[in-house]
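K.L.:
just coords:
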């Protein structure tokens, strides 16, 4: 069956890590039911993404309508999905890819307590050294007064969890600063690194901030990478245990992103490079660091009805020239063209020589939609030489607003042969 092929005709992509995950010889994608946004779904493909089938639909776990799936991570043959249950408590749902059935759902005592910020700062990271999932959220250390990013640990073996621990900086709900944890990168020896987008206490001050988190659960110092006066876009980061790479759009030029790289540690010496596309405005981007190379993939507007996908590769001496993957995204659903993405546009999992992306376009035009938006997921090939490099990247949140909108629509996949 030629692409495009529908993954889920009524899917709502609320997960910061939707996949596709390559497990048990197949591909898996996580989303939620768009009709009610109240259950999780897992779809499977055994033919490289041509056709998709929901697995164990009769046992779909329930989730909070306003929260949905937040972070999906894998260990062996299990997909762990961190989400909010209908009462607003964090839960971890397990899906077994050996049997293709939902397993145990473990509900924690950690509850979302600041709905106005939801679901800002929610993501997850699997720590292979001890089997813990690091799950992040935004909390109120002093209800109604302060706000802070925070994390808790979920032990995937013992099914136990810790209480929330603040990270970043606690700010005033009235005046800030507002730390929003947007991405987690893998570090050396079981460590990881938090990357924040910060709305400063000083008006019109925005920052990109880094904080290390050791395998012994020790937070490093606040490390400010960049401070600007323009509202920025989403933050994506990646690490290979030696070097950290983070990409951010600082808002000064919407056709440009900046990549910072530094040695793995609590206070890296960062070097930066601006990446300017040939399009009229960036819509989505992601980055991965593997095998001493850094790969940046981006999608951007390039006219009234086109979306262009390109990549840039740094093999050690800076990023090379832009390499185009695709200049035209065809019509997927009815007369809609995916040319005016809004809100939380995402480029996701990079695996086995392909980039998996999610785009959203309003049903009512380039402004806020008058009808439900349409979501599209797709697969584009990268050159075969990048297959090993791009295998491990995972999507994180990409927000241009403190609060992430809920987007309902179709989930579509397409692929072209290498």
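P.N.:
That came in fine, so what should we check first? It should be emphasised that the depicted structure is a prediction, and the values quoted were computed from it without experimental measurement.

K.L.:
The helix or strand residue 149 falls within: which residues count as buried?
P.N.:
Using DSSP states H and E, residue 149 sits in strand 146-155. For strand 146-155, the neighbour count (16 or more other CB atoms under 10 Å) marks 147-154 as buried. The C-beta positions use only the backbone N, C-alpha and C, and glycine is treated the same way.

K.L.:
Just name the closest of those residues to residue 103, please.
P.N.:
Taking CB to CB as the measure, residue 103 lies nearest residue 154 of the buried residues of strand 146-155, at 14.4 Å.

K.L.:
re earlier: direction included, what does the very next helix or strand once past the strand holding residue 149 pair against?
P.N.:
Toward the C-terminal end, the helix or strand that comes next after strand 146-155 (DSSP H and E) is strand 160-161. Paired neighbours of strand 160-161 in the sheet (DSSP bridges): strand 146-155 (antiparallel).

K.L.:
lowest average confidence, helix or strand, in this protein?
P.N.:
strand 409-413 (a mean of 30; mean pLDDT, DSSP states H and E).

K.L.:
List the buried residues for stretch 289-300?
P.N.:
289-290, 293-300.

K.L.:
Among these, name the ones in helices.
P.N.:
Taking DSSP state H as the definition of helices, these contribute nothing to them.

K.L.:
Show me which pair in the residues you listed is furthest apart.
P.N.:
Top of the distance list for the buried residues of stretch 289-300 (CB to CB): 290 and 300, 23.8 Å.

K.L.:
Just send the buried residues of stretch 289-300 back as TSV, with distance to residue 91 and pLDDT too.
P.N.:
As requested, these are exported to TSV (distance: CB to CB, whole Å; pLDDT from 0 to 100):
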residue	distance to residue 91	pLDDT
289	31	83
290	32	78
293	37	84
294	35	87
295	34	84
296	34	84
297	32	80
298	34	78
299	32	73
300	37	72
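
K.L.:
Present those as JSON lines; the columns should include distance to residue 94.
P.N.:
Shown next, in JSON lines, are the buried residues of stretch 289-300 (distance: CB to CB, whole Å):
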{"residue": "289", "distance to residue 94": "29"}
{"residue": "290", "distance to residue 94": "27"}
{"residue": "293", "distance to residue 94": "34"}
{"residue": "294", "distance to residue 94": "33"}
{"residue": "295", "distance to residue 94": "31"}
{"residue": "296", "distance to residue 94": "33"}
{"residue": "297", "distance to residue 94": "30"}
{"residue": "298", "distance to residue 94": "34"}
{"residue": "299", "distance to residue 94": "32"}
{"residue": "300", "distance to residue 94": "37"}
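
K.L.:
and those residues, which of them are in strands?
P.N.:
289-290, 293-300 (DSSP state E).

K.L.:
Can you give me the distance of residue 180 to residue 257?
P.N.:
Relative to residue 257, residue 180 is positioned 18 Å away (CB to CB, to the nearest Å).

K.L.:
now swap in residue 148 and tell me
P.N.:
Distance from residue 148 to residue 257, by CB to CB: 27 Å.

K.L.:
and what of residue 213?
P.N.:
Residue 213 is 25 Å from residue 257, by CB to CB.

K.L.:
Same check on residue 84?
P.N.:
31 Å.

K.L.:
for the stretch 301-418 of the chain, what are the low-confidence residue spans?
P.N.:
301-308, 326-418 (pLDDT under 70).

K.L.:
let's go with 50 and repeat that
P.N.:
Along the stretch 301-418 of the chain, segments meeting pLDDT under 50 span 304-305, 328-353, 359-377, 387-418.

K.L.:
Make sure residue 296 is actually in contact with residue 309.
P.N.:
No - contact between residue 296 and residue 309 fails when scored by CB atoms under 8 Å: they sit 11.7 Å apart.

K.L.:
dump the residue contacts of residue 163.
P.N.:
109-110, 152 (CB atoms under 8 Å, 6 or more residues apart in numbering).

K.L.:
Phi and psi next, for it.
P.N.:
Main-chain torsions, residue 163, degrees, to the nearest 10: phi -80, psi 170.

K.L.:
from here on, count from 20
P.N.:
With the count now opening at 20, the last piece we talked about shows up as residue 182.

K.L.:
any idea how far the nearest residue to residue 185 once chain neighbours are set aside is from residue 152?
P.N.:
Distance criterion CB to CB, 6 or more residues apart in numbering; nearest residue to residue 185, sequence neighbours excluded, is residue 167 at 4.3 Å. Separation of residue 167 from residue 152 (CB to CB) stands at 20 Å.

K.L.:
Thank you kindly, that will do.
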